[in-house]
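Peer 1: sequence unknown, structure follows:
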């Protein structure tokens, strides 16, 4: 049950972080909550698969956003907003990739 709640919370936090209307202070708080929730996951293959699927989805979103960003002319307000959003997505993707790496290390050390 605890694993289910942790995965649901992680999905919720990722959804919030994917929004573009989140103030920086709230974004930092949600990032801290996301990291804390990730740490509650047990280190088994099921949670590794969950983390890898979220990281793969994040990479797809990041690539999509990069394409959208390039459609805006440099120096425009839209481009500046897309640049800020891209930085936030890159930070989130780094966290997701780090989670996968940590879980892979834990799972492999257990011999699963």
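Peer 2: Now that the structure is in, tell me what you want to look at. Quick caveat, the model's predicted, so the values are computed rather than measured.
Peer 1: Please name the residues that touch the residue positioned nearest the centre of the chain.
Peer 2: By C-alpha atoms, centre = their mean, the chain has its centre lying nearest to residue 92, at 3.8 Å. Residues in contact with residue 92 (C-beta atoms under 8 Å, 6 or more residues apart in numbering) are 14, 17-18, 31, 58. The C-beta positions use only the backbone N, C-alpha and C, and glycine is treated the same way.
Peer 1: at 6 Å instead, please
Peer 2: When contacts are counted by C-beta atoms under 6 Å, 6 or more residues apart in numbering, residue 92 touches residue 17.
Peer 1: Does the residue lying farthest from the centre of the chain fall in a helix, a strand, or a coil region?
Peer 2: Distance to the chain centre peaks in the chain at residue 75, reaching 27.7 Å (criterion: C-alpha atoms, centre = their mean). With DSSP: H, G, I helix; E, B strand; the rest coil as the basis, residue 75 sits in coil.
Peer 1: so how far is residue 87 from it?
Peer 2: As judged by C-beta to C-beta, to the nearest Å, residue 75 and residue 87 stand 17 Å apart.
Peer 1: where are the low-confidence patches of this protein?
Peer 2: Low-confidence segments of the chain, defined by pLDDT under 70: 1, 42-43, 111-112.
Peer 1: secondary structure element for residue 64?
Peer 2: helix 45-70 (DSSP states H and E).
Peer 1: Buried residues of stretch 31-42, list them for me.
Peer 2: For stretch 31-42, a neighbour-count test (16 or more other C-beta atoms under 10 Å) marks 31, 34, 37-38, 41 as buried.
Peer 1: That one: how far from the chain's middle?
Peer 2: Relative to its parent chain, stretch 31-42 has a centroid offset of 11 Å by C-alpha atoms, centre = their mean, to the nearest Å.
Peer 1: Start at 24, not 1
Peer 2: Sounds good: first residue 24 from here, last item stretch 54-65.
Peer 1: which other residues reach it?
Peer 2: Outside stretch 54-65, the residues that reach it (C-beta under 6 Å, 6+ apart) are 29, 32-33, 36, 70, 122.
Peer 1: Can you get me a residue count around residue 112?
Peer 2: Neighbours of residue 112 under the rule other C-beta atoms under 10 Å: 22.
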